[in-house]
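Engineer: Need a 3D model of the sequence below.
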Amino acid sequence: TRDGQETLYSLKRLYQQGDLTQNTLLRDGDVIHVNRNDDQKVFVLGEVVEAQPVPIQRSQMTLAEALSTAGGLNELQADASGVFVMRRAPKGSNLIANVYQLDASNAMALVLADQFPLQARDIVYVTAAPVARWNRLILQLLPTIQGLRNISEIESKSFRTND
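Structural biologist: Below you'll find the model as predicted:
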């Protein structure tokens, strides 16, 4: 604010595009307000080493940067062909989201991941490999199977003691 007049400047345009019209000399009495950027983050979820929100710093973030910040794909559980970016569809669209898929099972795809710019509030999701989904199913069924086995053993022992 200068002499009661508010002017909006874009640090993004200054830093990323080199727009010198966004670089103004300050004068005595000028007031500067810098908005918070708490909502400038992407969410990395699924089969990564550490699922987490990743803040977007001063420059633009790529898919490769977000994945590496989350520790990369979980080698034992991730399906490298199932890396998805979900982005809220523009207002007025009939869609809820636009979805992009990266097949990272080919190492060359990581070059594409480093060229794919993310936007604030994007969701990066890495799917589980089929064997990981199967193992999770078995882990969910195992307590029930063990319980049935224990009941069967108890009934078998009680049957033998009654003879």
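Engineer: going forward, measure contacts between C-alpha atoms and count neighbours the same way
Structural biologist: Fine.
Engineer: Just the residues contacting stretch 69-83, thanks.
Structural biologist: With Cα atoms under 8 Å, 6 or more residues apart in numbering as the test, stretch 69-83 has contacts from 44, 47-52, 54, 67, 101-105, 124-132.
Engineer: correction: stretch 13-32
Structural biologist: 1-3, 9-11, 58-59.
Engineer: List the ones among the contacts of stretch 69-83 that fall in strands.
Structural biologist: 44, 52, 54, 101-102, 124-128 (DSSP state E).
Engineer: Format the residues you listed as JSON lines; extra columns: neighbour count and distance to I151.
Structural biologist: What follows is those, written out as JSON lines (neighbours: other Cα atoms under 10 Å; distance: Cα to Cα, whole Å):
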{"residue": "V44", "neighbour count": "25", "distance to I151": "43"}
{"residue": "Q52", "neighbour count": "17", "distance to I151": "42"}
{"residue": "V54", "neighbour count": "19", "distance to I151": "48"}
{"residue": "Q101", "neighbour count": "14", "distance to I151": "47"}
{"residue": "L102", "neighbour count": "19", "distance to I151": "48"}
{"residue": "V124", "neighbour count": "25", "distance to I151": "45"}
{"residue": "Y125", "neighbour count": "20", "distance to I151": "41"}
{"residue": "V126", "neighbour count": "27", "distance to I151": "40"}
{"residue": "T127", "neighbour count": "21", "distance to I151": "37"}
{"residue": "A128", "neighbour count": "21", "distance to I151": "34"}
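Engineer: Roughly how far does the residue nearest to the spatial centre of the chain sit from K91?
Structural biologist: In the chain, the C-alpha nearest the mean C-alpha coordinate belongs to V44, at 1.6 Å (Cα atoms, centre = their mean). V44 sits 24 Å away from K91, going by Cα to Cα, to the nearest Å.
Engineer: Appreciated, that's everything.
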